[in-house]
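Enquirer: missing the sequence, but the structure's below:
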Ligand SMILES: NC(=O)c1ccc[n+]([C@@H]2O[C@H](COP(=O)([O-])OP(=O)(O)OC[C@H]3O[C@@H](n4cnc5c(N)ncnc54)[C@H](O)[C@@H]3O)[C@@H](O)[C@H]2O)c1
């Protein structure tokens, strides 16, 4: 899609846009001249405000809504002639563990409401890209080598089971109604705005460094850290590609052991190794995934090096701190 065609004709709705990845998606949309519709239950816009100027935020269409409410989702998509949906609204692993019923209402029923609205408005909606997760896989020992998209799924958390269910529902909708539904399976996304969820601690450690405070990462072993700006761009690229059928792609960033991450922080900010510690068990997911299917179908995908992503994150947090806007509540 050319730049002019895209900006003239596409109308993007982002659910969960006030969350971490959502804020980066909205930032990218604004920077390319779009005026997206953002749909979120949260009244606050603190993550967006950290990344986007007040004037730019005024060009965004704010819709307060709950994905659990079918009519609200349907209205948001139908009334505004939405052409592309990026569905990010969800509860994270800890919230789904502590209240699985609420988790299913938001993560499963909420996603069905989005797919259902896309079906009802399929004359206008060209694609839905929704967030799945690495959590659809089981622990590393269940796989031989690096699992691909077609590897068997053995989620061990309610959250992972809900994401797997969404992938299954997407296949049924695509087959029955010819919709374009693309699931993306991020691993641990990091960057400004990551303040909740199982893998938020590497980002929290970067933020704590700016305040010279100690922090603990409550897991050890290897993980794949993916920079938020890259992930946001991949969501947008998938939405524009409107690939036919239902697909679920793994994402890949920088696969690193937690101790090497701390060593990188020390390298960038001497003294960091004294402040950041890691303890606990490895996370119950395969540490690396293969994103060759995504690259095959989408072409080149953005890959910011871990060092550049960490430096950029530190830089933004430092600017916010200087401006007296660094939120340290979650630390
Ligand atoms: N951050 C990661 O590392 C990661 C990894 C894998 C998958 N994901 C998935 O990516 C998506 C975005 O993750 P994130 O880190 O930005 O999460 P986040 O928790 O920062 O943001 C989620 C957003 O969804 C909104 N929301 C929650 N319930 C809602 C409801 N009922 N109706 C409308 N909005 C609601 C919240 O207000 C919030 O703004 C999620 O689906 C998540 O499961 C994230």
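Expert: Nice, I can see it. The model shown is predicted, which means the values in this text are computed figures rather than measured ones.
Enquirer: which parts of stretch 64-83 are buried?
Expert: 65-68, 70, 72-74, 76-77, 82-83 (16 or more other C-beta atoms under 10 Å). In short, each C-beta sits where N, CA and C put it, glycine included.
Enquirer: what do you get for stretch 240-258?
Expert: Under 16+ other C-beta under 10 Å, the buried positions of stretch 240-258 are 240-243, 246-256, 258.
Enquirer: near the ligand too, which of the buried residues of stretch 64-83?
Expert: Restricting the buried residues of stretch 64-83 to those adjacent to the ligand (criterion: C-beta under 6 Å from any ligand atom) gives 66-68.
Enquirer: could you dump those into JSON lines and include secondary structure?
Expert: Listed next are these as JSON lines, based on DSSP: H, G, I helix; E, B strand; the rest coil:
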{"residue": "66", "secondary structure": "coil"}
{"residue": "67", "secondary structure": "coil"}
{"residue": "68", "secondary structure": "coil"}
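Enquirer: get me the contact residues on the protein for the ligand.
Expert: Residues of the chain lying near the ligand (C-beta under 6 Å from any ligand atom): 15-16, 18-22, 40-42, 66-68, 88-92, 106, 110, 131, 133, 186, 188-189, 196-197, 199.
Enquirer: show the buried residues in those.
Expert: 15-16, 18-22, 40-41, 66-68, 88-92, 106, 110, 131, 133, 186, 188-189, 197, 199.
Enquirer: could you pull out the helices for the stretch 1-150 of the chain?
Expert: Counting by DSSP state H, counting those that start in this stretch, the stretch 1-150 of the chain has helices at residues 3-9, 20-31, 46-51, 54-58, 70-79, 93-98, 100-104, 110-120.
Enquirer: make TSV out of those and add mean pLDDT.
Expert: TSV is the format used below for the helices of the stretch 1-150 of the chain (pLDDT from 0 to 100):
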stretch	mean pLDDT
helix 3-9	50
helix 20-31	98
helix 46-51	96
helix 54-58	93
helix 70-79	98
helix 93-98	96
helix 100-104	98
helix 110-120	98
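Enquirer: closest to residue 281 out of these?
Expert: Checking these against residue 281 by C-beta to C-beta gives helix 93-98 as the closest, at 14.3 Å.
Enquirer: hang on, the earlier thing: got CSV for the ones next to the ligand among the buried residues of stretch 64-83, with pLDDT too?
Expert: Formatted as CSV, these follow (pLDDT from 0 to 100):
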residue, pLDDT
66, 98
67, 98
68, 98
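Enquirer: what about the strands in the chain?
Expert: Using DSSP state E, the strands assigned to the chain run over residues 12-15, 37-40, 61-64, 84-87, 127-131, 181-185, 188-190, 215-217, 222-227, 246-250, 254-257, 276-278.
Enquirer: for residue 324, which of the ones you listed is the nearest?
Expert: strand 215-217 (21.1 Å).
Enquirer: just give me how far the closest one sits from the chain centre.
Expert: Distance of strand 215-217 from the chain centroid (C-alpha atoms, centre = their mean, to the nearest Å) equals 22 Å.
Enquirer: before we move on, what about stretch 192-204?
Expert: 12 Å.
Enquirer: indicate the residue of this structure located nearest to the ligand.
Expert: residue 19 (1.9 Å; C-beta to the nearest ligand atom).
Enquirer: surely that residue meets residue 45?
Expert: No. Counting by C-beta atoms under 8 Å, residue 19 does not reach residue 45; the two are 10.7 Å apart.
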